[in-house]
Every structure is written in structure tokens, then in C-alpha cells.
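# just to be clear, the model below is a prediction. Sequence and coordinates:
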Amino acid sequence: MAPRKVRSVAMLVKGLSVNEAEAQLLMERRRAAQPILKLLRSAVANAKNNQRIAPDKLYIEAVRVDGGPMLKRFLPRARGMATPIQKKMSHVTLVLREKQDLSQPRFKIVVEKKSKLPREEKRRTLKKEKAVKAETKVTPESKRQGFLRRIFTRKTATG
């Protein structure tokens, strides 16, 4: 993403506590919010595991967004001409700082972790899906009906 677009989202969270910043990024609709949220969560995990700092005491001291490498492409135009396209990238630097007198977090953010189903449950769900597909097969009566009748059938009634 272009640094200008990422910078506008990054400046929203500068100076906020980690909890507030995460809530802000979760509610942000711009595309740049997802990578910054991922970066923030990674930085918090590093501080928690490597420096043994409690995430409740962290706040974002600085965010710097610099231009990264640029892919240069060309778009063919009329009369044999070409228009240059610059696919820009960004380097984001996030600095977290510990603050002792940080207020209590206003939000509790719960991240659902993906869990793998045991093999038996996978088999059961696959069997159920196959059974549902078998029930919804086209009957010979509906084949005789017209083209539009087949496409626009009601789900509640068969006739």
C-alpha cells in the first residue's frame, strides 16, 4: 500500500494505549488497518514474551511510515503508448513504551483462536453435507418444467 494511505491510519493510533489502539483499528474500515493491527499484535506479543512487560502498561509512543520498494509497471494505451504505474509499498516502524500510570482499559478484546476438529467430527460433517446434497437432487418432474421454472423454484413448495 502507498505510504500516504497507511500513514493516515497509523496516525490515528499514535499516543493511544495498546488496548485503545487495537479497538480503534478493529473498527477502522480502511484497508491499511488490518496490516497495522497485525503489526501491533506482533509487537505486543514480542514485548510480553521477550521483555516480560504486561500488555496493559504499553502505549504507542511513535509510528513511522516510510516508502518501501516500488514495482514499476506499464499499462498499454491508445496509439501504441504506455502509461507508467507505480505499485508502492510501505515500511512501518512501531515503537511501544511502558507507562506505569496508564488507566484501566475501556475495552476487552477477545480474539477467537482457530481449533482443529478431530477426525471423527470431520467425517460426521462431511457425511451430513453429502446427505444434504443427495436430498436436493433434481427430480424428473422438475426436469420436464420450463427453463425459468427450474431456475426460480421456491424453497418451501415443490410444485
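That came in fine, so what should we check first?
# give me the mean pLDDT for the biggest strand by length in the chain.
Longest strand of the chain, by residue count under DSSP state E: strand 58-76. In this model, strand 58-76 has a mean pLDDT of 97.
# so where do the helices sit in the chain?
Assigned by DSSP state H, the chain shows helices spanning 3-13, 18-27, 33-50, 119-135, 140-144, 147-151.
# that older thread, show the secondary-structure elements that the longest strand of the chain is packed against.
Judged by 3 or more Cβ pairs under 8 Å, 6 or more residues apart in numbering; DSSP states H and E, the packing partners of strand 58-76 are helix 3-13, helix 18-27, helix 33-50, strand 82-98. C-beta here means a position set from N, CA and C on the backbone, and glycine is covered the same way.
# tell me which of those lies nearest to residue 109.
helix 18-27 (5.5 Å; Cβ to Cβ).
# now do the closest one against helix 33-50, angle only.
150 degrees (axes from the mean of the first three to the mean of the last three Cα atoms, to 10 degrees).
# and helix 18-27, what does it pack against?
By 3+ Cβ pairs under 8 Å, 6+ apart, helix 18-27 packs against helix 3-13, helix 33-50, strand 58-76.
# just name the most buried of those.
helix 3-13 (a mean of 18; mean count of other Cβ atoms under 10 Å).
# what's the closest non-adjacent residue to the residue nearest to the spatial centre of the chain?
In the chain, the centroid-proximal residue (Cα atoms, centre = their mean) is residue 34; its distance is 5.3 Å. Residue nearest to residue 34 in three dimensions, not counting chain neighbours: residue 25, with 8.0 Å by Cβ to Cβ, 6 or more residues apart in numbering.
# show me the contacts for that neighbour.
9, 12, 13, 33, 34, 36, 37, 40 (Cβ atoms under 8 Å, 6 or more residues apart in numbering).
# reformat these as CSV; add distance to residue 98.
Listed next are the contacts of residue 25 as CSV, based on distance: Cβ to Cβ, whole Å:
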residue, distance to residue 98
9, 24
12, 22
13, 17
33, 25
34, 26
36, 21
37, 21
40, 15
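# domain ranges for the chain, per the record?
For the chain, automatic domain parsing gives the domain ranges 3-98, 120-151.
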